[in-house]
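> Predicted model and sequence below, questions to follow.
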Amino acid sequence: MGYPDHMAIVTPQTLRQDFPLLVRHPELVYLNSAATSQKPEAVIEAVSRYYRELNASVHRGAYTLSAQASEAYEQARRTLARFIGAEEREIIFVRNTTEALNLVAYAWGLRNLRPGDEILLTEMEHHANLVPWHLVCERTGAKIKAIPLGDDGRLQLEHLGTLLTERVRLVSVMHVSNVLGTVNPVAQIAQAARAVGALVVVDGAQSAPHMPVDVRALGADFYAFSGHKMLGPTGIGVLWGRYEVLETLAPFLGGGSMIREVYLDRSTYAQPPQRFEAGTPAVAEAIGLAAAVEYLERLGMANVWQHELELAAYALKRLDEELPEVRTFGPRGPDRSGVIPFVLGGIHAHDVATALDQYGIAVRAGHHCAQPLHRKLGVAATVRASFYVYTTKEDVDRFIEALKRVRDFFKDWL
Amino acid sequence: MDRMSLLEELYKEIILRHYKSPHNYGSLESANVRVVGDNPSCGDQIELLVETDGEQIADVRFRGQGCAISQASASLMTDLVKGKTWAEALELERKFKSMILDGTPPSPELGDLAALSGVHKLAARVKCATLAWNALEQAAQEARTKAQGA
């Protein structure tokens, strides 16, 4: 079976020219985009232009420049809303997915959960969607349950009916696994969860950057994602919440910008989204993220997803056929993103990653902030190669060839 | 230096041999000091078991799992410190860490541990090489506390 030389993103080789870091390091095969993506010139320029031309205090100054800066920040909010099919007033700018999930845990969880209540998660969650709930459970007496993971790398949804009792107040699941690449049927889970009256939170850190997302179609109450994984700057992310739910939430952080009236001993709060944006926001970063979204929209998110599906299928096929010593994890099929976790014989993941680095291949090794998942897989650590818009078929070829040389190097010790 | 020789410098045969067949690996019934060292960022863990009178390391074993560098370092370390006094063991730790962290040429007393000197060039792997030694330092403190309490 042949694979087209030109994939859904027609000219990834040309696209690479948009990324100054990749141009500067032509020998680098960057396969760690699931951790953080590289940034196109358009994003770097947008951040730089803000500081050169527009920098001012937002939502405060009475002067023209402040109004322009505020407008640019609110324009970024509109761009993000359009990107995920949301309303502008439902977009809360946060630092990253982790902060977004903590916001829900603190603003909703601490106030609403009681002893005996249950939170339903999954066995494949990232620590960012585990630890905030641990902290909430310690203080509320609520308990955590998890949808089990099957051997095929998919959630065992046949257990959903049993798990979703009336005690479950909140269901929080990752849309796409950062380790296995599994695309979870979030809409189906959300529908079942809402039928028992549970709130639904979706960790979109690995879906927003890679596929078309319509938060209404997901049927969730909250959807969280990070800017730095989708060509944007660090320090900026989004929590989307259904407005009716956001309105009922108390603040997470207190301070300037999130208030209506403040007295010495009490205060009243602004409406969402301002209620959840205390202090001076990350204005330049929000503008940079909007530039990233515009870049992705020009490519087309359906094309981005198709490109990654093709790269994943191509890489898995070559690994299967040419490297029998390599064991990969995760589902096979259209519900699998461009994330490939693997082990090479009995060689530890860190040693494999260090060896690949000698050939210019940048991959991540370890538990990828998913220790429960690795326990379930029965391995302490995996090597993970992850793809994005600028990843080319040649990158995958160089990765496979380097991995063969690494295998040869360790051949007596596998 | 080409890529292959960098790999060869780092993963010398003696390292891989200790990784696959570690010395002093397993439980130690007579242990009276037990510490666990871990690298939360990568998940590697080493449990160090020591039999000591507070002065000398009569016997030492380790358990756990990790990469070639952390396991070989633990295996070679336990070979080296067995029978030494705590003061001698901590002096060896100082010399080992100086080699790994500062790139100091390996002291002859480190013996086969000199094979790990290439780790100095790989900042990301320094904590793998030092994992067992940090556990040893913890064990020394515990041995001292126990001896004072006795």
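Good, I have the coordinates.
> List phi and psi for the closest residue in space to A:T97 that isn't next to it in sequence.
In this structure, A:T97 finds its nearest non-sequential neighbour in A:A205, 4.2 Å apart by Cβ to Cβ, 6 or more residues apart in numbering or on different chains. Backbone N, C-alpha and C define where each C-beta goes, glycine included. Backbone torsions of A:A205, given as degrees, to the nearest 10, read phi -60, psi -30.
> same question, B:S98
Here B:S98 shows phi and psi, under degrees, to the nearest 10, equal to phi -60, psi -40.
> Give me the pLDDT value at it.
The model reports B:S98 with a pLDDT of 97.
> pLDDT score assigned to the residue nearest the centre of chain A?
Nearest residue to the geometric centre of chain A (Cα atoms, centre = their mean): A:A205, 1.1 Å. On pLDDT, A:A205 comes in at 98.
> what sits against it?
A:97, A:126, A:128, A:174, A:178, A:224-226, A:229 (Cβ atoms under 8 Å, 6 or more residues apart in numbering or on different chains).
> among the residues you listed, which ones are buried?
Buried members of these, scored by 16 or more other Cβ atoms under 10 Å in any protein chain shown, are A:97, A:126, A:128, A:174, A:178, A:224-226, A:229.
> so A:A142 makes contact with A:R114?
Yes: A:A142 is within contact range of A:R114, at 7.1 Å (criterion: Cβ atoms under 8 Å).
> quick one: which of the two has more around it?
Of the pair A:A142 and A:R114, A:A142 is the one with more neighbours under other Cβ atoms under 10 Å in any protein chain shown, namely 23 against 9.
> Let me see the domain layout of chain A.
A:12-30+A:300-409, A:44-297 (automatic domain parsing).
> anything in the shortest one near chain B?
Same thing as domain A:12-30+A:300-409. Yes: applying Cβ under 8 Å from any Cβ of the partner chain, one finds domain A:12-30+A:300-409 in contact with chain B at A:346-351, A:354-355, A:358-359, A:365-367, A:371, A:374, A:380-381, A:405, A:409.
> can you count the residues close to the closest residue to A:G279 other than its chain neighbours?
Spatially, and ignoring its direct neighbours in sequence, A:G279 is nearest to A:G255 (4.7 Å; Cβ to Cβ, 6+ apart). As a burial measure, A:G255 scores 12 neighbours (other Cβ under 10 Å).
> per-residue confidence at residue 112?
Answering for chain A, as no chain was given. pLDDT recorded at A:N112 is 97.
> The intended chain is chain B.
B:D112 is given a pLDDT of 96.
> Looks to me like it is in a strand.
No: B:D112: not assigned to a strand; according to DSSP: H, G, I helix; E, B strand; the rest coil it is helix.
> Quick one: residues contacting it.
Counted by Cβ under 8 Å, 6+ apart, B:D112 has contacts B:14, B:76, B:79.
> quick one: which of those residues has the most company?
B:L76 (25 neighbours).
> I'd assumed B:P106 was in contact with it.
No: counting by Cβ under 8 Å, B:L76 does not reach B:P106; the two are 11.8 Å apart.
> which residues are in contact with both of these two?
B:L113.
> how about the strands in the stretch 101-250 of chain A?
Using DSSP state E, counting those that start in this stretch, the strands of the stretch 101-250 of chain A run over A:118-122, A:143-147, A:168-174, A:199-203, A:222-226, A:237-241.
> Distance from the chain centre to the last one, please.
Read that as strand A:237-241. Its chain's C-alpha centre and that of strand A:237-241 lie 11 Å apart, by Cα atoms, centre = their mean, to the nearest Å.
> neighbours around A:L264, how many?
Close neighbours of A:L264, defined as other Cβ under 10 Å, add up to 5.
> same check, this time on A:Y243
15.
> cool, and the one 5 residues further on?
Other residues near A:T248 come to 13 when the count uses other Cβ under 10 Å.
> can you put the strands of the stretch 101-250 of chain A in a markdown table and add distance to A:A62?
Listed next are those as a markdown table, based on distance: least, Cβ to Cβ, whole Å:
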| stretch | distance to A:A62 |
| --- | --- |
| strand A:118-122 | 46 |
| strand A:143-147 | 49 |
| strand A:168-174 | 42 |
| strand A:199-203 | 39 |
| strand A:222-226 | 34 |
| strand A:237-241 | 29 |
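> Could I get those in TSV, plus columns for distance to chain B?
As requested, the strands of the stretch 101-250 of chain A are exported to TSV (distance: least, Cβ to the nearest Cβ, whole Å):
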stretch	distance to chain B
strand A:118-122	20
strand A:143-147	19
strand A:168-174	19
strand A:199-203	21
strand A:222-226	19
strand A:237-241	22
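> So which of these is nearest B:A114?
Each of the strands of the stretch 101-250 of chain A has some distance to B:A114 by Cβ to Cβ; the shortest is strand A:222-226, at 43.5 Å.
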